[in-house]
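>>> Predicted model, plus sequence, below.
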Amino acid sequence: MLWFLIIGIIAGWLAGNITKGRGFGLVGDLVIGVVGSFIGGFLFSLLGLSAYGTIGEIITATIGAIVLLWIMRLVG
């Protein structure tokens with residue numbers, strides 16, 4: 001569980017820096033990263049892709065978090 005949260009924080013921070021130029025704070029990065037990891041996992045499974053290891057998990061979660069931020073900007 002702790003590892004999942006650490007991956008979420010890293011992915012949220014990376015997505016925030018990639019899309020906005022800065023992070024969203026610890027809690028914001030965590031929420032965006034955790035939700036993004038579910039979105040990324042879903043998208044990767046739709047495309048028939050899989051990622052293994054810590055780096056793969058971070059990449060999957062970061063891509064999902066970027067998609068989440070993109071959808072949030074479209075809606076908001």
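The structure has been received and is ready for your questions.

>>> which residues of the chain score low on pLDDT?
Along the chain, the model assigns pLDDT under 70 to residues 21.

>>> got the residue ranges for the helices in it?
With DSSP state H, the ranges of helices along the chain come out as 2-19, 25-47, 53-75.

>>> Would you mind putting these into a markdown table with mean neighbour count alongside?
Where you see a C-beta, it was placed from the backbone N, CA and C, and this is true even at glycine. Formatted as a markdown table, these follow (neighbours: other C-beta atoms under 10 Å):
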| stretch | mean neighbour count |
| --- | --- |
| helix 2-19 | 18 |
| helix 25-47 | 17 |
| helix 53-75 | 17 |
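
>>> check contacts around the closest residue to F42 other than its chain neighbours.
Nearest residue to F42 in three dimensions, chain neighbours excluded: G64, at 7.6 Å (C-beta to C-beta, 6 or more residues apart in numbering). G64 is in contact with A11, V35, G36, S37, F38, I39, G40, G41, F42, L43, counting by C-beta atoms under 8 Å, 6 or more residues apart in numbering.
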